[in-house]
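Visitor: Structure, please.
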Amino acid sequence: MISKGTTRSMNKVEGAGFLSGFTKMLLKRGSISLFLVFTIVMSSFTFNSSASAAPDATPGPINYVGSSSNNNGSEVFLNFNKQFTINNNSTDPTVTASTYLKSHMSIATDGVNYLPISNQIDVYPPGLGGSQIRLQANNSMKVILGTNTLIKIAKGTLTDADGNINEEVPLHITPPVIQRVAISDDYKKVTISFQENVVDNTYVNGSSTLISDNKIYLLQNGSNANQTSWTSKDEAFVESGKLVIKFDTPLSGAKNQIVIKGGALKDSYGNILSDNTITPLIQGAVIGDTSPLEVVNRYLTNSYQDIKLVFNKDVLNAKSDSASLLAGIKYYGGNLTQGDWKNLPPGTNLEISGNTVTIHFAAKLARPNIGYYYFEFASNSFKDTRGNIYSDYIYLYNYYINSSLNPENPNFSNDGRWLRLGFNVNIADLTVVNGVSHLKDQITISTDNGPLTWDAQDNVVIQENNLVIFFHNAIKSGSVKVEIAANAISDVGNNVQNQQIDRVIAYNYPNMTGFFLSDTASQFVFEDNAEWRSKVRDITIIDTRKNAVRQLNPSEYTLSAGMLTINNGVFQQGVNYYILVNAEGYSSKEFYGTTYVSTELFYMTAPVVTKDNGITAKVNILKRYNTSNGTQAIVFKLMNGKTPVSIVASNLSIGTGAYSANFNVADAATNPNYTVEVFVVNQFNNDPTNLGLNLASTKSQLEFDQAASINGDDEE
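Guide: Below you'll find the predicted structure:
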């Protein structure tokens, strides 16, 4: 094969050796003229060194020497002991080497029953001077399935330069698959068994590198990334076809796993485990603390002169000394350009005490021109007292130097049950005494009707950069004034405390959901707020197509408890509208939507009814438009002839998928009059005479599938 990679010219000896084998093969096929042309062309090219080696002179048939596979068995390479070609008829241009080879191969994924190679698997013969066949599965399929996939190649399909051919024998191609993990009674020895005996594939200069090159590694106690460091006395080796790991100290904890890197092992057939694999959880000894090392907090403190890292347990420096650890910390901010990482300034010190790491600067950090600092700690900087290293990087992002602490973007929940004050940094409660917060005592809430008295079940919590107040009794008034006494909260590092905070929070209106409809009245539901509803003065719509505003006449809508109904004819199909509900003393409630025909919002199939152990009805539903308009109701109604028997209904946000309901009736198998009707409606209120507004059309399965294909939806 001509290569564009590293090449070298063939010398006369190599050229003669290379051509001698092919001379025999070509002479046998009566292609002397082709050979002469080939020889002339060869003199002017260079070849990849691996491809230009002389054919293997080993006498005898072509033998399989094992496989390697990638992507969990979707790509497989079959390796043989010598170079070969495919023994197809070279004078027939209609049969390529690939086609011929594939037609002479079969596969048994169960190890017994052979079938032709699937048309979803491509087969590639070796290139010039090659000794490998590649199989590639398409469309997320696999070549290797289970633990005993075999391939057969018909006798005589492969031939070498001397006329040797392959025999038809089963080729075992499944790489090692973990079958069992056992741990010794003293928790010092783990034995991993596979479906076939394995050998160590990591030897370099006569020595295994399983441990020295971390070809296997231990993850302890549920850790996803932090590798436990091997000690000089830990061992890993293959014994009696099994992988054995011996620990100097007992393995502890309940959630240990061993990762085996690709290429570390191969089985007795020569199949190499190319993908990384991992054991099931291994139960170790229960002795003391077995939790992984984690960072639980990080912040600037001491008037912005210290960085604090707080871990979940006592921590140690994993580097050789303090200078080495500090050298692995980078930052930008201050007068630096964003992304211009620098070393820590001179005079920075490291202190580790218990579970806390302190980085102390010689001078306080100045307020940066970009508003914040970024810090990055190198991986493998810290370890716990058992030597387990924290192998991830540690970052401190967007750390501001603030002169004040003020809330930003305060907001109410739509049901008036909570309000939130957000800050630009994480905050801390300064009112805690003996583990008890008194923050609620430092906050005063007032509504339009005056100050509120705290209910015993009201609660105030801090959630990162938010102060959230939860009300046991929902607040229905249009606005709320929040007052927080000075020095009640601070940033996490207590660098700056709050001044007196006074904020008025509006937008206390209910959330409204529903569909804009062109063929019938449009209904928008909300959790009723009688006070807000009584203050509504007008409803305005904005037609985005015409870029025009219109205040609705009171005769065009009805506002009742929990429902806004806008008459048929107000909205035109396909047009986008905004609705503004304007109430005295409240912020305007604004929401948006596109207008549809009601029965085109959802498609569904006719219900399929089965009568095993009662009655089960199943329908497929397609949500035709990617819009979210609150909840709908799916209603299954069991009928005995024309008589309703039972209703199963659920209010939920309906999406594309399969929905089913079960009815427990004793005579299901003997009563032929049972049928099930299914509806998708805007709401269901337990009134069997009024199931609500129908939002779905029933389609045949073919019509449903065609619509789903246009939508791009796949049923799961």
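Visitor: any idea whether the spatially closest residue to G585 that is not a sequence neighbour is helix, strand or coil?
Guide: Using CB to CB, 6 or more residues apart in numbering and skipping the chain neighbours, the partner closest in space to G585 is G478 (4.0 Å). Bear in mind the C-beta positions are built from the backbone N, C-alpha and C, glycine included. At G478 the chain is in coil, as set by DSSP: H, G, I helix; E, B strand; the rest coil.
Visitor: Next, the contact list for G478, please.
Guide: D448, A506, N508, Y509, W532, K535, A583, E584, G585, Y586, S587 (CB atoms under 8 Å, 6 or more residues apart in numbering).
Visitor: what stretches of the protein score poorly on pLDDT?
Guide: By pLDDT under 70, the weakly predicted segments of the chain are 1-58, 221-226, 288-290, 334-339, 369-371, 449, 628, 686, 688-689, 712-716.
Visitor: Give the buried residues for the strand or helix carrying Y299.
Guide: Taking DSSP states H and E as the criterion, Y299 maps to strand 295-301. Neighbour counts over strand 295-301 (16 or more other CB atoms under 10 Å) mark V295, R298, Y299, L300, T301 as buried.
Visitor: of those residues, closest to L652?
Guide: Proximity of these to L652 was ranked by CB to CB; the top entry is V295 with 38.9 Å.
Visitor: My guess is the closest one contacts I394. True?
Guide: Yes. Counting by CB atoms under 8 Å, V295 does reach I394; the two are 5.9 Å apart.
Visitor: and the contacts of G478, which are buried?
Guide: By neighbour count, with 16+ other CB under 10 Å, the contacts of G478 hold A506, N508, Y509, W532, K535, A583, Y586 as buried.
Visitor: from memory the first one sits against S587, does it?
Guide: Yes. Under the criterion of CB under 8 Å, A506 is in contact with S587, at a separation of 4.4 Å.
Visitor: picking up where we left off before, give me the helices and strands touching the strand holding Y299, please.
Guide: In terms of contacts (3 or more CB pairs under 8 Å, 6 or more residues apart in numbering; DSSP states H and E), strand 295-301 is packed against strand 306-311, strand 394-400.
Visitor: Need the ones you listed in CSV (columns: distance to T202).
Guide: Converted to CSV, the helices and strands packed on strand 295-301 look like this (distance: least, CB to CB, whole Å):
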stretch, distance to T202
strand 306-311, 34
strand 394-400, 32
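Visitor: now, of the ones you listed, which is deepest in the fold?
Guide: Across those, averaging neighbours per residue (mean count of other CB atoms under 10 Å) puts strand 306-311 on top, at a mean of 20.
Visitor: Buried residues in the helix or strand following it, which are they?
Guide: Later in the chain than strand 306-311, the nearest helix or strand by DSSP H and E is strand 315-317. Residues of strand 315-317 classed as buried: V315, N317 (neighbour count, 16+ other CB under 10 Å).
Visitor: what packs against strand 315-317?
Guide: So strand 315-317, by 3+ CB pairs under 8 Å, 6+ apart, packs with strand 349-353, strand 382-384.
Visitor: about what we covered before: K266: which of the buried residues of strand 295-301 is nearest?
Guide: V295 (39.4 Å).
Visitor: Okay, and the beta partners of that closest one?
Guide: F311 (DSSP bridges).
Visitor: again with S252
Guide: For S252, the beta-bridge partners under DSSP bridges are A285.
Visitor: next one: G593
Guide: Here G593, judged by DSSP bridges, has bridge partners Y577.
Visitor: show me the contacts for it.
Guide: Shown in contact with G593 (CB under 8 Å, 6+ apart): F515, F516, N576, Y577, I579, T627, N629.
Visitor: Let me know whether Q523 touches L695 as I believe.
Guide: No. Between Q523 and L695 there is no contact under CB under 8 Å: 10.7 Å.
Visitor: Overlap of the contact sets of the two?
Guide: N682.
Visitor: out of the two, which sits in the more crowded spot?
Guide: Of the pair Q523 and L695, L695 is the one with more neighbours under other CB atoms under 10 Å, namely 25 against 18.
Visitor: my read: the more buried one touches Y596, true?
Guide: No. In this structure L695 lies outside contact range of Y596 using CB under 8 Å: 9.3 Å.
Visitor: can you list residues touching both of the two?
Guide: Joint contacts of L695 and Y596 (CB under 8 Å, 6+ apart) are F515.
Visitor: for the helices and strands packed on strand 295-301, which one sits closest to N119?
Guide: Taking the helices and strands packed on strand 295-301 one by one with CB to CB, strand 394-400 is closest: 49.2 Å.
Visitor: Tell me the strands beside the helix or strand following that closest one, with direction?
Guide: With elements assigned by DSSP H and E, the helix or strand that comes after strand 394-400 is strand 408-412. Paired neighbours of strand 408-412 in the sheet (DSSP bridges): strand 418-422 (antiparallel).
Visitor: in the partner strand, what's buried?
Guide: Going by neighbour count (16+ other CB under 10 Å), the buried part of strand 418-422 is W418, L419, R420, L421, G422.
Visitor: Please apply the same query to stretch 602-618.
Guide: F602, Y603, M604, T605, A606, P607, K611, I615, T616, A617, K618.
Visitor: could you dump those residues to CSV with distance to S208?
Guide: Converted to CSV, those look like this (distance: CB to CB, whole Å):
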residue, distance to S208
F602, 62
Y603, 62
M604, 62
T605, 61
A606, 65
P607, 64
K611, 64
I615, 64
T616, 59
A617, 62
K618, 57
